[in-house]
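J.: what's the 3D shape of this:
(chains A and B)
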2 protein chains.
Amino acid sequence: MTFRIGLAALLCASAVGAVSTAWAAPPMPMDAKTLEAKFDTLIDPAEMGGWLKLLAAEPNHVGSVHDKTNAEWIAVQLKSWGWDAKIETFEVLYPTPISEALELVAGPGAPFKATLTEAPIPGDQATYTKDALPAYVAFQGDGDVTAPLVYVNYGMPEDYLALERMGVSVKGKIAIARYGGGWRGLKPLLAQMHGAVGSIIYSDPKDDGYATDDVYPKGAARPKQGFQRGSVADMPIYPGDPLTPGIGATKDAKRLERKDAPVILKIPCLPISYGDAQVLLTSLGGPVAPANFRGSLPITYHVGGSPAGGQVHLAVKSDWSMKTLYDVVATLKGSEAPNDWIVRGNHHDGWVMGASDPLSGQTALLAEAKAFGALLKTGWKPKRTIVYTSWDGEEPGLLGSTEWAETHADELKAKAIVYINTDGNGRGFFRAEGSHAFQHFINEVSADVKDPQTGVSVRDRARARLAVTFAEAGGGGSGRGSADPATRAAAKDPSKDLPIGALGSGSDYSAFLQHLGLPSIDFGYGGEGESGGVYHSLYDDYQHHSTFVDPGFVYDATLAKTVGRAVMRLADADLPVQRYGDFADTVAGYLEEVKSLADTKRDEARTQAKLIGTNAYALAADPTKPYVAPTPLVASPPMNFSALETAVAKLKTSAAAFDAALAAKGAVLNKAQKVKLDGVVRPLDQMLLRPEGLPGRPWYMNMVYAPGRFTGYGAKTLPGVREALEERRFDDAQKYVGLTGQALDAYAVELDKATAIINGG
Amino acid sequence: MTFRIGLAALLCASAVGAVSTAWAAPPMPMDAKTLEAKFDTLIDPAEMGGWLKLLAAEPNHVGSVHDKTNAEWIAVQLKSWGWDAKIETFEVLYPTPISEALELVAGPGAPFKATLTEAPIPGDQATYTKDALPAYVAFQGDGDVTAPLVYVNYGMPEDYLALERMGVSVKGKIAIARYGGGWRGLKPLLAQMHGAVGSIIYSDPKDDGYATDDVYPKGAARPKQGFQRGSVADMPIYPGDPLTPGIGATKDAKRLERKDAPVILKIPCLPISYGDAQVLLTSLGGPVAPANFRGSLPITYHVGGSPAGGQVHLAVKSDWSMKTLYDVVATLKGSEAPNDWIVRGNHHDGWVMGASDPLSGQTALLAEAKAFGALLKTGWKPKRTIVYTSWDGEEPGLLGSTEWAETHADELKAKAIVYINTDGNGRGFFRAEGSHAFQHFINEVSADVKDPQTGVSVRDRARARLAVTFAEAGGGGSGRGSADPATRAAAKDPSKDLPIGALGSGSDYSAFLQHLGLPSIDFGYGGEGESGGVYHSLYDDYQHHSTFVDPGFVYDATLAKTVGRAVMRLADADLPVQRYGDFADTVAGYLEEVKSLADTKRDEARTQAKLIGTNAYALAADPTKPYVAPTPLVASPPMNFSALETAVAKLKTSAAAFDAALAAKGAVLNKAQKVKLDGVVRPLDQMLLRPEGLPGRPWYMNMVYAPGRFTGYGAKTLPGVREALEERRFDDAQKYVGLTGQALDAYAVELDKATAIINGG
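T.: Model (predicted):
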């Protein structure tokens, strides 16, 4: 059960049903206010900095000595602060490189051997470690290939369409892509789908290097020899251990054979630095790259594909043995509702030292946990159980969180109210994404946390930035600007809640939200202290974080104050904090988007057919350059959205009724009613799951929130419909209009039951 | 008088008054068709290539031996082809460099001496010339200064606003700007207005160098040592000789003293290559440049302004003596209306060899002239007088055309029907800008010229490109895309005329259109063969043009066929070719734009005031960086557009009536009526002039078409109103609503007179 905090619920009554009307932070009841003020005093940035230095002292990848040491140290701390802490282990497939090679063997600049290691930085002792993994992406397919090189820009679907129009294919070749434009893992996957025999990914200085800022150690940006490690498992199919989809990777779990695991790539792949990439890209012949393919290296970018261009030898061989994960799980048992769980997590494994990613968030988690321990000693007891988790193996594929969630799926579905996640953190602006019934709650929390640089609330600062950004983009003019209506409204009207974004993937909430149907929230700060430049590199260390990302650890401390507040309010709330009108309005907005998308897709095919019919593509092309006519698009059949339209209308009605009832009568509910209400509200978001899951990826069962199949990190809302439209799978789109409508119908039915309980049922 | 061609006028009758309805190229009367077919056979690309080689053999700047030789050679050719050709000279102020220096004297990388010359290219003999001007911009202010360097991006007004917000000033410093974003001359001018003591302009490889294409001689793009010369006279005040504004620079003209000429800059300025610029930019400290300031050099761009950054010594000393211009003016006297002139021009001076700019267009002019000469021998005689002009001194400031137009202003206003201009030309797509009453005529001409690469008409090819570009920008979706309604319609519907753009400045039409009120058209081809990379450099030579810009000279020949057709049709037309409905519709569109602009400006100030009031700018800023609050915008008073609204409504009515009358009765007009009609239609566009001119620049008298005061090349339509709104001079805006309305009223009155004549008046 999820509850509003005492007095706040009463004060909110007047605003209920009027989701978008004036709202002011309601005063907290004296005891909660005092508690939170006390909590704030227990957060010590200097102590957090000390923890960060300790945790980030050595490389922390899965299987490393220091990663295990950290897990043990975290467990010891939690125990010492009064938590019931233990380490839970899983056995997962986790490849580490045995040997690797990348050489330019023919073409201009050959022979050239890529460095594949990151040079230490004088003055930053940590970077002299001998234990860092080399250039490496997890779950690529081992191999040894020699082939011509083709530059595929970001390596996203639209880039392959552009190459096709230039008459350039990657079939039998090695594709080199720059980072950005979509999730890393899609780059080798799409290369493989287009017939490439190998894949290289590099960080172009335009997106991630000297063009963005001075490079480390002078500035925060990626130095010439830095590269980005990461996972390339096909997580949009399922995250977690590749051998145990849908079940926990316990010692005796039934496992797939490695060759049958669909998320492991078939071709070799390596990430490289822009120092190395410049030599490879300079070797390319073929057409000059189109404008949107060009980065900031001092060269003319070509796409390759000409016989005289560069040939590359790429070889990767890995140790595919099983490794052990060390998840730390700690609980503070609830005094009134011990079977109601507030779960909160942050991972502890990093690609190398991982100071910003993920240990900055880990220090916030520790600070919260220590403060709760101290509060326990003053007599405070949470009404509900608080579960703090420190995940292992997030980097290679959300391994630790996914295996734990799959192992404890039944218990979590029965007990968990919400999962709250954090990850890397830095100086700057408050942000939150998550389940939209919690949007107002998140606004309330952020209105009560002070920004350490300006002294206003972190919500006011976030709003100021939104308003200025919006005005500078032309939104201050005649109502233009590309933001959605809710964002436009919030930018202009301080009485409106700031909208939160939807969760896609990229951190440990995925299994909770998208597989188990638990409401989830991801919190963080950033946008000023830049950690991006050393992301997943050797240089993401204590010195970089404390110099550039969060000097003084004040935003890491602010994150602890934010999440700690959210956890305490959820643990102690008297009534549900959710406002379902916000969720219904958001889903209604998504429906408008997919309907508009359907129109766009229909018009695209019509326009293209007309242009093909008038030979316009050929006439508009440069006759001296290779020209390939575009592949005709599948025409759109008529789409019928009525199942979704009806479901969304019903959802809005049910949500408004619930919000109004709770506001009017929540304060007078008796204990028995509250327990009954809890029984309906707690599992409500599980109604969003459909057992069919999404097309081709049944692990993802949430019909409202998913990561994109071909965007990776980015959220796709109403994904069964939206992605099918995007990919012109119109039969799927129509089918998922129905399935998504059924999920929302079931959700509204449960919401009506909850309303009936409040109304005396 | 401007006339439709015989049968075409009859056939067009059914479409008149329905400007946007289905239109198909009407068949030509047999004799005109035969004539044009014959004309086409007389255009010989190989011969044109030979002329280009000859004309571009040596540097051709004003005052050079070869520029004068070319003028004499052109006059001789024209005479030999049967034209009455002569050279008309003017005496103008034209500075040439005596000495210049640019050195980095302090800061990282110092000492460094900029090269200021362009190295020859092995294999391209012409580039070994000893007579090329060094790095140089005409009409900068001589000086010798040493000061810190500041990088000002494109050096446009919005860049200075951004610098102001960063707390960086150019006062007492030297501003380095990259080319692009607006006209060259504004860069030193705006630097000077902001207190800079010197100005440097360089070509960033992102806009003009290796990022755009392989560099010469491998490809067409600007090599590392190439720089762009040009004029920095403040031509948006007036073009032509700085000492004789508004009058011809004849030997005995009354002249300003040099110090009083407002168009000459006060600070020294030099253009440099990106090879040199990289050293200077690398020396800069201060804030990291914002994203839109960053080019493609392999550095982190900083804006400078820090004490440790680079200090530069900049010195320029010029020979300010008078030089002689050699304009070639040739006529073919009309057989029926010798006092009706069709004037056509292209300049012959270049910054160095000037093969693409301007001599490619010059060879088209010569080919047309030679073909007309040959047609004369077969018995053809133009009904009206054709005046062909080859201008000198266009590059330093439209000198030759402006002085000739000012000298012959009365005669031109009495006789000229239209001025047709060309300049540099290349492979690719047809384009035309000009006076919108000629839009339909231009569509007719381009529908009858065959594209040499595809065999379809150049109009069909231009439309195909527009349609594909528009569809790929999302316009094929749900009607989105940023084009104006007429362009959107033409992209989708082949029965619609392709809209032509408005003329700003940048070539020799300016005096005719904007000072004398003569309808003007500028024709050209381009977009595939790229001349931009060597623009105004040593490398714009015969080898570059024939290799990259127009191999085989087929588009230079196509330009001759296009302009030749236009000239013949205008010279022989029986009735006016103008369709005033197109002009009225276009002006109505401009009025909608300025009204929307007024709304935007009002909302901008309101939004800014609100954001200042809530302290949002400060809260959204990074507290660790310098922050300067934005300067409050002047609030908009209420604007009253009724004078323009009424005038435009009247114009539309009058235009529709004229078009309908001409279509219905044009074919039956008698000789006397035609002469009378000519007397009203020929000077009609002079009604667009107001004696007050534009605010601060009375030389520009056209109330519909002008170059922007602070954009330079770009056209500003309804400039008195539009620019005043943009610059928040709201009193001026209101005043010019009235003046522009008066000009359009006067225009409509004359148009009604013409209609009355057609209707038997």
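
J.: and the residue lying closest to residue A:699 once chain neighbours are set aside, how many neighbours?
T.: Of all residues not flanking residue A:699 in the chain, residue A:238 sits nearest, at 3.7 Å (C-beta to C-beta, 6 or more residues apart in numbering or on different chains). To be clear about C-beta, it is placed using only N, CA and C from the backbone, and glycine gets the same treatment. Neighbour count for residue A:238, taken as other C-beta atoms under 10 Å in any protein chain shown: 28.

J.: Provide the secondary structure category for residue A:238.
T.: At residue A:238 the chain is in coil, as set by DSSP: H, G, I helix; E, B strand; the rest coil.

J.: State the mean pLDDT of stretch A:443-463.
T.: Across stretch A:443-463, pLDDT averages out at 98.

J.: First-to-last residue distance for it?
T.: Taking C-alpha to C-alpha, to the nearest Å, stretch A:443-463 runs 11 Å from one end to the other.

J.: right, quick check: that stretch against chain B, any contact?
T.: Yes. Stretch A:443-463 lies within reach of chain B by C-beta under 8 Å from any C-beta of the partner chain, at A:453, A:454, A:456, A:460, A:461, A:463.

J.: What about those, which are in strands?
T.: Judged by DSSP state E, strands contain none of these.

J.: Which of these has the largest number of neighbours?
T.: When neighbours are counted by other C-beta under 10 Å, residue A:463 leads those with 29 neighbours.

J.: So that one sits against residue A:495, correct?
T.: No. Distance between residue A:463 and residue A:495: 10.7 Å, which falls outside the contact criterion (C-beta atoms under 8 Å).

J.: So residue A:465: helix, strand or coil?
T.: For residue A:465, the assignment made with three-state DSSP gives helix.

J.: Excluding sequence neighbours, find me the nearest residue to it.
T.: Excluding its sequence neighbours, the residue lying closest to residue A:465 (C-beta to C-beta, 6+ apart) is residue B:620, at 4.1 Å.

J.: The one you found and residue A:223, how far apart?
T.: Separation of residue B:620 from residue A:223 (C-beta to C-beta, to the nearest Å) stands at 30 Å.

J.: and the residues of stretch A:443-463 next to chain B, which two are the farthest apart?
T.: Checked with C-beta to C-beta, these reach their widest spread between A:453 and A:463, with 15.4 Å between them.

J.: Could you pick out the longest helix of chain A?
T.: Determined from DSSP state H, the single longest helix within chain A is helix A:580-613.

J.: quick one: the residue in the stretch 551-700 of chain A that chain B sits nearest to from residue B:470, how far?
T.: With C-beta to the nearest C-beta as the measure, residue A:607 is the residue of the stretch 551-700 of chain A nearest to chain B, at 3.0 Å. With distances taken as C-beta to C-beta, residue A:607 is found 9 Å from residue B:470.

J.: try residue A:100
T.: 47 Å.

J.: likewise residue A:549?
T.: 44 Å.

J.: neighbour-wise, which of those two wins?
T.: A direct count of neighbours by other C-beta under 10 Å for residue A:549 and residue B:470 places residue A:549 higher, at 29 against 22.

J.: The more buried one is in contact with residue A:527, isn't it?
T.: No. Using C-beta under 8 Å, residue A:549 is not in contact with residue A:527; the gap is 11.3 Å.

J.: got any residues that touch both of those two?
T.: Taking C-beta atoms under 8 Å, 6 or more residues apart in numbering or on different chains as the contact rule, residue A:549 and residue A:527 both touch residue A:426.

J.: what helix or strand is the closest residue to residue A:207 other than its chain neighbours on?
T.: Closest residue in space to residue A:207, ignoring its immediate chain neighbours: residue A:180 at 4.4 Å, by C-beta to C-beta, 6+ apart. Assessed by DSSP states H and E, residue A:180 sits outside every helix and strand.

J.: Check residue A:721 too.
T.: Counting by DSSP H and E, residue A:721 is part of helix A:719-726.

J.: Determine if any part of that helix is in contact with chain B.
T.: No. Remark: helix A:719-726 sits outside contact range of chain B, by C-beta under 8 Å from any C-beta, the gap being at least 12.5 Å.

J.: Doesn't residue A:623 lie inside a strand?
T.: No. Counting by three-state DSSP, one finds residue A:623 to be coil, located in no strand.

J.: At which residues are the strands of the stretch 401-550 of chain A located?
T.: Along the stretch 401-550 of chain A, the segments classed as strands by DSSP state E, counting those that start in this stretch run A:416-421, A:428-434, A:520-527.

J.: Can I get the ones you listed in TSV including mean pLDDT, mean neighbour count and distance to chain B?
T.: Formatted as TSV, the strands of the stretch 401-550 of chain A follow (pLDDT from 0 to 100; neighbours: other C-beta atoms under 10 Å in any protein chain shown; distance: least, C-beta to the nearest C-beta, whole Å):
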stretch	mean pLDDT	mean neighbour count	distance to chain B
strand A:416-421	98	27	26
strand A:428-434	98	23	8
strand A:520-527	97	24	9
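
J.: so which of those strands gets nearest residue A:361?
T.: Proximity to residue A:361 (C-beta to C-beta) singles out strand A:520-527 among those, at 7.3 Å.

J.: chain center to that closest one, what's the gap?
T.: In terms of C-alpha atoms, centre = their mean, to the nearest Å, the centre of strand A:520-527 is found 10 Å from the chain centre.

J.: For it, output the C-alpha coordinates as PDB.
T.: C-alpha atoms of strand A:520-527 as PDB (Å, rounded to 0.1, in the frame of the first residue of the first chain):
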ATOM      1  CA  SER A 520       9.400   2.600 -10.600                       C
ATOM      2  CA  ILE A 521      11.200   5.900 -10.300                       C
ATOM      3  CA  ASP A 522      14.700   6.900 -11.300                       C
ATOM      4  CA  PHE A 523      16.200  10.000  -9.600                       C
ATOM      5  CA  GLY A 524      19.300  12.000 -10.400                       C
ATOM      6  CA  TYR A 525      21.100  15.400 -10.700                       C
ATOM      7  CA  GLY A 526      23.200  16.600 -13.600                       C
ATOM      8  CA  GLY A 527      23.700  18.900 -16.500                       C
END
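
J.: which residues sit against it?
T.: Residues contacting strand A:520-527 (C-beta under 8 Å, 6+ apart): A:361, A:418-435, A:438, A:442, A:458, A:465, A:503, A:507, A:509, A:512-513, A:555, A:558-559, A:562-563, A:566.
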